[in-house]
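*Asks:* return a 3D structure for these sequence lines:
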Amino acid sequence: MLSLPFLGIASWIWGGLLSLRVARALHLDAPRTGSFYCCGTFSNLGAVGALVSVMFFGEKAIAIVALFRICEEMFYFGISFPVARRLGGGEGAFRLRSFRPDPVLLLILTALGLGLALNMLGVPRPAPLGSVAAAAMLLATVLFLFTIGLGLRLSRVSCYAREAAALAIVKFIGVPLLLVPLAALAGLGSIDGGLPLRVVTVLSCMPVAMTALVPPALFGLDVDMANALWIFSTLALVVILPVLYFVLPLL
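*Replies:* Numbering: from 1, shown residues only. The predicted structure follows:
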C-alpha cells in the first residue's frame, strides 16, 4: 500500500512526459505546448476520480484515493507549475537538465514539516483553525471557478479537435498502460480482492483537472486550448466509464 503515493507521482510524471513528446510531434509552439503539458499532467482525481471510485467500489476506495494523491499538491505546485511557467516565458522548449524547482515547493515542504513536527510534539490544533481552513477552501474554490468562467470561450472548443484526440490517447491509453502494470507488480492485485489495483486503474484514466486551466492564465499559455482539452476530456467520460465498468472485473 505504501507504493500508492509513488504510483501517483509516476502517473503525473509520465503524463507530462508523454504530453511534451506528443506536443513536439504535433509541432505545437511553446504556449500551446505548455497548455498541452498542463492538461496531460493534471488529472481530476478528486471531484471525478474519487467519486467514480466510490460509485464502483464503495467508501473503502476513499482511503486508497487519498494515499494515491497524497503528494498531488506538492508535485503540481513544485514541478508542474514551474514547467508551465518556463514554457510560457519565452524560454523555448523545456529541458530536464535546465529545470529548477519553484520556490513555492520549499514553502510547501516547510509548512508540511512544521505541521508534522507540531503533531509529533503533541501540540493540539486550535479548534477555530478547522473552521478557518474550511472557509478558506470554499472561498478559493469559488474564486477559482469564477476565474475559469471569465476565460472560458466555448466558441473556440471545436478548433482543437486534433489536440483533443492526441490528449485522449495520452490520458486514457498512455498513462494506464504504464500505471496498471506497475500497480500489479507492486502487489496491489493481491490485497482485498484486488481493490487497490482496480482503484488505481480508475485513477489512471481520469480527465483533465480544472487546475490545468490555471497555469495557462497565469503564464501566457494558450488558454483557449486548455479550456477545450478540459471540456473534451471530461465529455470523454461518457465512453471511458462504460469501458471501465466492463474491464475492472477482469483485473
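*Asks:* which helix or strand in this protein has the lowest average pLDDT?
*Replies:* helix 127-151 (a mean of 67; mean pLDDT, DSSP states H and E).
*Asks:* run the chain-centre distance for the helix or strand following that one.
*Replies:* The first helix or strand that comes after helix 127-151 along the chain, using DSSP states H and E, is helix 161-169. With CA atoms, centre = their mean, to the nearest Å as the basis, helix 161-169 stands 17 Å off its chain's centre.
*Asks:* contact partners of helix 161-169?
*Replies:* Around helix 161-169, the neighbours that count as contacts under CB atoms under 8 Å, 6 or more residues apart in numbering are 19, 22, 26, 28, 32, 36, 39-40, 208, 225, 228-229, 232-233, 236. In this view, the C-beta of every residue, glycine as well, is placed from N, C-alpha and C.
*Asks:* same thing but at 10 Å, please
*Replies:* With contacts defined as CB atoms under 10 Å, 6 or more residues apart in numbering, helix 161-169 is touched by 15, 18-19, 22-23, 25-26, 28, 32, 35-36, 39-40, 157-158, 160, 174-175, 205, 207-208, 222, 225, 228-233, 235-236, 239-240.
*Asks:* please pick the buried ones from the residues you listed.
*Replies:* Buried members of the contacts of helix 161-169, scored by 16 or more other CB atoms under 10 Å, are 15, 18-19, 22-23, 28, 32, 35-36, 39-40, 157, 160, 174-175, 205, 207-208, 222, 225, 228-233, 236, 240.
*Asks:* give me the neighbour count for residue 237.
*Replies:* Residues lying near residue 237 (other CB atoms under 10 Å) number 17.
*Asks:* same question, the one 4 residues further on
*Replies:* As a burial measure, the neighbour count of residue 241 was computed by other CB under 10 Å and equals 15.
*Asks:* gap between the closest residue to it other than its chain neighbours and residue 191?
*Replies:* Counting by CB to CB, 6 or more residues apart in numbering, residue 52 is the residue found nearest to residue 241 once chain neighbours are left out, at 6.8 Å. Residue 52 sits 20 Å away from residue 191, going by CB to CB, to the nearest Å.
*Asks:* which one's more surrounded, those two?
*Replies:* Taking neighbours as other CB under 10 Å, residue 52 and residue 191 compare with residue 52 leading, 23 against 13.
*Asks:* need the three-state assignment for that one.
*Replies:* Following DSSP: H, G, I helix; E, B strand; the rest coil, the label given to residue 52 is helix.
*Asks:* hmm, the residue nearest to residue 241 is touching residue 204, no?
*Replies:* No. At 11.8 Å, residue 52 does not count as touching residue 204 under the criterion of CB atoms under 10 Å.
*Asks:* which other residues reach whichever strand or helix holds residue 216?
*Replies:* Using DSSP H and E, residue 216 sits in helix 214-219. Under the criterion CB under 10 Å, 6+ apart, residues 31-32, 34-35, 37-39, 42, 76, 80-89, 144, 147-148, 150-151, 221-227 lie in contact with helix 214-219.
*Asks:* wait, residue 221 sits on residue 85?
*Replies:* Yes. Using CB under 10 Å, residue 221 is in contact with residue 85, at 9.2 Å.
*Asks:* ok, now how distant is residue 205 from residue 171?
*Replies:* Separation of residue 205 from residue 171 (CB to CB) stands at 7 Å.
*Asks:* pull up the overlap in contacts between these two.
*Replies:* 43, 236, 240.
*Asks:* roughly how far out does stretch 174-194 sit from the chain middle?
*Replies:* In terms of CA atoms, centre = their mean, the centre of stretch 174-194 is found 19 Å from the chain centre.
*Asks:* list every C-alpha atom in that stretch, with coordinates, as PDB.
*Replies:* Taking C-alpha atoms only, stretch 174-194 is exported to PDB below (Å, rounded to 0.1, in the frame of the first residue of the first chain):
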ATOM      1  CA  GLY A 174      -0.700   6.000 -22.500                       C
ATOM      2  CA  VAL A 175      -0.900   6.600 -18.700                       C
ATOM      3  CA  PRO A 176      -2.900   3.400 -17.900                       C
ATOM      4  CA  LEU A 177      -0.600   1.300 -20.000                       C
ATOM      5  CA  LEU A 178       2.300   2.200 -17.600                       C
ATOM      6  CA  LEU A 179       0.400   2.600 -14.300                       C
ATOM      7  CA  VAL A 180      -1.700  -0.600 -14.300                       C
ATOM      8  CA  PRO A 181       1.300  -3.000 -14.800                       C
ATOM      9  CA  LEU A 182       3.300  -1.000 -12.200                       C
ATOM     10  CA  ALA A 183       0.400  -1.400  -9.700                       C
ATOM     11  CA  ALA A 184       0.200  -5.100 -10.400                       C
ATOM     12  CA  LEU A 185       3.900  -5.500 -10.000                       C
ATOM     13  CA  ALA A 186       3.600  -3.700  -6.600                       C
ATOM     14  CA  GLY A 187       1.200  -6.500  -5.500                       C
ATOM     15  CA  LEU A 188      -1.900  -4.400  -5.300                       C
ATOM     16  CA  GLY A 189      -3.900  -7.100  -7.100                       C
ATOM     17  CA  SER A 190      -3.400  -9.400  -4.100                       C
ATOM     18  CA  ILE A 191      -4.800  -7.000  -1.500                       C
ATOM     19  CA  ASP A 192      -8.500  -7.000  -0.500                       C
ATOM     20  CA  GLY A 193      -9.600  -8.900  -3.600                       C
ATOM     21  CA  GLY A 194      -7.700  -6.600  -5.900                       C
END
